[in-house]
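Undergrad: following is a predicted model, sequence given first.
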Amino acid sequence: MLQIEQFMCLSDNFGVLIHDPESGRTASVDAPEAAAIVDRLEAKGWTLTDIMTTHHHHDHVGGNLELKERFGCRITGPKGEADKIPGIDEAVGEGDVFSFGAFDFEVIETPGHTAGHIVYYSPKAGLLFAGDTLFSMGCGRLFERGAAEMWSGLSKLKALPAETMLYCGHEYTLANARFALSVDPDNQALQARSATVERLRSQGKPTLPMPLATEFKTNPFLRPDDPAIRAHLGMADASDEDVFAEIRKRKDNF
């Protein structure tokens, strides 16, 4: 069974280490901050063998070269922006597989936040490392691609099994919950989740990981087909893509 360590890096980035005891391999999902990652590796007695990069933003690749120099780890990252990933060894895209001991991670392309953003999904482990594509009750800003491409990528994630555990790039859940209530105010599951998130954050506790089942019920960016959201937005007859675009625009201005 994979062992997973989640911890904070920088101001609000999640660091995530996965360790396969059988093979001895340890991967960092992105590399926001080398020092924080090294500290956690030393505390666990693990040696870094891999970095699984989701996209090129500095707060996700800033530790790549320092970690590679220290551990000689192999860096895998998105084919669509390989020229922007420091130290990349293997570029992967849609349909490729990142093999990690006894566990395979399927590479899914989710352009939107960046042009080449990818996520990693392991059916066997029931894990999704979504980077900055999908957040708990939110999604990434559209910096390099438009709403149509982002919705296409999110639709792929919406099709994954509900029991899949979601890990994200940032602790944005509290702010996302407050926005989600503004477009889906009568959603009782969302109200309950928001109250839980308020309590966790007031105690300094993380809000992730979270099963996709909860996101399917509470994340407005995965629910543009929901009649209540459509009615609230006055978009009963619009396409899912157009409703998604409107929700994203409102979040940008919230």
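TA: That came through fine. Residues are numbered from 1 along each chain as shown.
Undergrad: tell me the confidence at the residue positioned nearest the centre of the chain?
TA: Taking Cα atoms, centre = their mean, the centroid of the chain lies closest to residue 130, which sits 2.5 Å from it. On pLDDT, residue 130 comes in at 98.
Undergrad: one more: the one 5 residues further on?
TA: Residue-level confidence at residue 135 comes out at 98, pLDDT.
Undergrad: ok so, going back, and the residue nearest to the centre of the chain, what does it touch?
TA: 54, 110, 119, 157, 166, 167, 168, 169 (Cβ atoms under 8 Å, 6 or more residues apart in numbering). C-beta coordinates here come from the backbone N, C-alpha and C atoms, glycine included.
Undergrad: so where do the helices sit in the stretch 51-200 of the chain?
TA: 58-61, 64-71, 147-158, 173-183, 188-202 (DSSP state H, counting those that start in this stretch).
Undergrad: other SSEs contacting the fourth one?
TA: With contacts defined as 3 or more Cβ pairs under 8 Å, 6 or more residues apart in numbering; DSSP states H and E, the packing partners of helix 173-183 are strand 138-139, helix 188-202, helix 227-233, helix 240-252.
Undergrad: what's the average pLDDT for that helix?
TA: 97.
Undergrad: pull that helix out as CSV, backbone CA atoms only.
TA: Output of helix 173-183 as CSV, limited to C-alpha atoms (Å, rounded to 0.1, in the frame of the first residue of the first chain):
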residue,chain,number,x,y,z
THR,A,173,-10.9,25.4,0.3
LEU,A,174,-12.2,28.1,2.7
ALA,A,175,-12.3,30.8,0.1
ASN,A,176,-13.7,28.4,-2.4
ALA,A,177,-16.5,27.4,-0.1
ARG,A,178,-17.6,31.0,0.5
PHE,A,179,-17.8,31.6,-3.2
ALA,A,180,-19.6,28.3,-3.9
LEU,A,181,-22.4,29.4,-1.6
SER,A,182,-22.8,32.5,-3.6
VAL,A,183,-23.8,30.5,-6.7
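Undergrad: relative to residue 181, how far out is the closest residue to residue 246 other than its chain neighbours?
TA: Nearest-residue entry for residue 246: residue 233, 5.8 Å, with adjacent residues in sequence omitted and distances by Cβ to Cβ, 6 or more residues apart in numbering. Residue 233 sits 14 Å away from residue 181, taking Cβ to Cβ, to the nearest Å as the criterion.
Undergrad: per-domain residue ranges of this protein.
TA: Under the assignment automatic domain parsing, the domains of the chain span 3-167, 174-252.
Undergrad: what's the most buried one of the ones you listed?
TA: Greatest average neighbour count among these goes to domain 3-167 (a mean of 20), per mean count of other Cβ atoms under 10 Å.
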